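**Student:** what's the 3D shape of this:
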Amino acid sequence: MPDWLGVALRTLFAVAVLFCLTKVLGKRQISQLSFFEYITGITIGSIAAYISLDLDARWYLGLVSLGVWVAVSTGIEFLQMKSKMARDIIDGKATVLIKDGKVLEDNLKKERLTTDELMEQLRKRNIFKVADVEFAVMEPSGDINALLTRENQPLTPKHLGIKVGPEQEPQAVIMDGKIMDEPLATIGLNRAWLNTELEKLGVSIDNVFLGQVDTYGQLYVDLFDDQIKVPEPQLKAALYATLKKCEADLEMFGLATQNKEAKNMYEQCAKELQHVISDVKPLLHH
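**Tutor:** Model (predicted):
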């Protein structure tokens, strides 16, 4: 067999073996790899390259080495899952870098982190003043996470005592001009409903690059032709306006009638509807 053909076949074989072994090891983002996992990845890649290019008849010994590395890595991962002490030894512990707005210089030196690097990581999280940080920690992965002081945290509806509606994952019901039946069925809708909504928007299914349905059953579309402007769904706004109109009508009826019993009824209904509007307002304005 020619050398070039042998190298090509072994390369394909090495790729297949490497793919299977990496599936066994699992997947993590590069930033989440521990130091040992990083070394393991480099070593396994080097061994796979050796298997591909070595012309010696004993190239198959590289497979033995690959198997040992994968077995050791899998064993260490299993040990880490079962033991907190093993995780601390292998991955290390988190290090506090900032506490109560004060930089802990000793911990900074321990992690070999300069002030410029610390500030860079804070700026990536839109933090420009160390004094605004209540607590910052360097994770074993090398990421730096920071908690702002209470007065510098973003204002949320919870701080204002406002209840907001639950948000579920939007379902992609149209992709590349084709209807996706499974997501439609997941949210209890069908093609007839989808075609009706498209008619309301005045677009054809062939011109829709992506269509999504949100928690409230509103369809949002992105068209192939970006020059066409599609109106935003106004179902929630229209429902809110209708409820407010009903409330105003009830109050008007109460003012217009001379019948005391009817007046009380209209006023009571207006108050009850006002409570209903108050309860559903977070959902309609989400």
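**Student:** can you map out the helices along the stretch 151-286 of the chain?
**Tutor:** Under the criterion DSSP state H, counting those that start in this stretch, the stretch 151-286 of the chain carries helices at the ranges 181-186, 191-201, 235-256, 260-284.
**Student:** Just the mean pLDDT for the first one, thanks.
**Tutor:** When the per-residue pLDDT values of helix 181-186 are averaged, the result is 90.
**Student:** Could you break the chain into its assigned domains?
**Tutor:** If you go by automatic domain parsing, the domain ranges for the chain are 3-89, 95-152, 171-233, 236-284.
**Student:** Nearest approach to residue 158 belongs to which of the ones you listed?
**Tutor:** Nearest to residue 158, of all those, is domain 236-284, at 11.3 Å by C-beta to C-beta. To be clear about C-beta, it is placed using only N, CA and C from the backbone, and glycine gets the same treatment.
**Student:** coming back round to it: would JSON lines of the helices of the stretch 151-286 of the chain with distance to residue 124 and mean neighbour count be doable?
**Tutor:** JSON lines is the format used below for the helices of the stretch 151-286 of the chain (distance: least, C-beta to C-beta, whole Å; neighbours: other C-beta atoms under 10 Å):
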{"stretch": "helix 181-186", "distance to residue 124": "34", "mean neighbour count": "14"}
{"stretch": "helix 191-201", "distance to residue 124": "39", "mean neighbour count": "14"}
{"stretch": "helix 235-256", "distance to residue 124": "35", "mean neighbour count": "14"}
{"stretch": "helix 260-284", "distance to residue 124": "32", "mean neighbour count": "14"}
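**Student:** Mind putting these into TSV with distance to residue 20?
**Tutor:** Shown next, in TSV, are the helices of the stretch 151-286 of the chain (distance: least, C-beta to C-beta, whole Å):
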stretch	distance to residue 20
helix 181-186	30
helix 191-201	41
helix 235-256	50
helix 260-284	49
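**Student:** thinking again about what came up before, dump the domains of the chain to CSV, plus distance to residue 161.
**Tutor:** Shown next, in CSV, are the domains of the chain (distance: least, C-beta to C-beta, whole Å):
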stretch, distance to residue 161
domain 3-89, 37
domain 95-152, 16
domain 171-233, 22
domain 236-284, 11
